[in-house]
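Chemist: Quick check, what structure comes out for this input:
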Amino acid sequence: MTTQVLVALAAAVLGAAVAPEGSPEQFTAAAITRTGHLEFEGAMATIFDLFTPQGERHWAKGWDPEVLYPRDRDISEGMVFRTRDHGDMVLTWTVVRYDPTHHLVAYNVVAPDFVVRNIEVRCRPAGAGRVEVEVTDSYVGLSRHGNLFVEQLTEANYAAKMGHWKEAIGAYLVGVAKSAH
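Modeler: Predicted structure coming up:
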């Protein structure tokens, strides 16, 4: 064997054992879980439906899910659909749990080379004609850029996000109540 071949072989073996800076082996994903609580006046079925792919259209500006599978239902476990975020990033969603009897829906969302997000929404009675909504979000960064996003998701930033949801959903529900009269 020539010296060049030995050097190349050694470099390949060492390269496999010691990954260069910036390689996937050096990446450590950041992760965070946040939980928010919202409360609304209204019927349980009405409120719960607002957290389904089609129901979110009523209150989330720009929300336009493209259902990929199965196309013959509004929602079901295993459903896969795509959306675009406000920066035009394509997100792929999977319904991992749908239990309308217990008012629970959970999603896995993948933004390639950015983050994976798991969302669980539970609705519970909160007194006469009121519904408490518990939203638990878990994020895992898939890149340095994704890690920056995860690290910036402070309690205060998440509370602001939940405040936006409360405002948007509340405005929708007020409109529904007015149109019913």
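
Chemist: From here on, just use CA atoms for contacts and neighbour counts.
Modeler: Noted.

Chemist: Count residues in the vicinity of Asp137, would you?
Modeler: Using other Cα atoms under 10 Å, Asp137 is surrounded by 19 other residues.

Chemist: Please read the previous query as pertaining to His37.
Modeler: Residues near His37, counting by other Cα under 10 Å: 16.

Chemist: List the beta-bridge partners for it.
Modeler: Beta bridges link His37 to Glu134 when assigned by DSSP bridges.

Chemist: pLDDT at it, what is it?
Modeler: In this model, His37 is scored at 98, pLDDT.

Chemist: isn't it right up against Val133?
Modeler: Yes. Checked against Cα atoms under 8 Å, the pair His37 and Val133 is within contact range at 5.7 Å.

Chemist: With adjacent residues omitted, what lies nearest to Ser123?
Modeler: Check again: residue 123 is Cys, not Ser. Val133 (4.5 Å; Cα to Cα, 6 or more residues apart in numbering).

Chemist: ok, the one you found - contacts?
Modeler: Listed by Cα atoms under 8 Å, 6 or more residues apart in numbering, the contact partners of Val133 are 37-39, 121-124.

Chemist: From Gly42, how far out is it?
Modeler: Noted for Val133: a distance of 12 Å to Gly42, by Cα to Cα, to the nearest Å.

Chemist: circling back to that earlier point, put together a markdown table for the contacts of Val133, with secondary structure and distance to Thr94 on each row.
Modeler: Formatted as a markdown table, the contacts of Val133 follow (DSSP: H, G, I helix; E, B strand; the rest coil; distance: Cα to Cα, whole Å):
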| residue | secondary structure | distance to Thr94 |
| --- | --- | --- |
| His37 | strand | 23 |
| Leu38 | strand | 24 |
| Glu39 | strand | 26 |
| Val121 | strand | 14 |
| Arg122 | strand | 17 |
| Cys123 | strand | 20 |
| Arg124 | strand | 23 |
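
Chemist: Okay then, goodbye and thanks.
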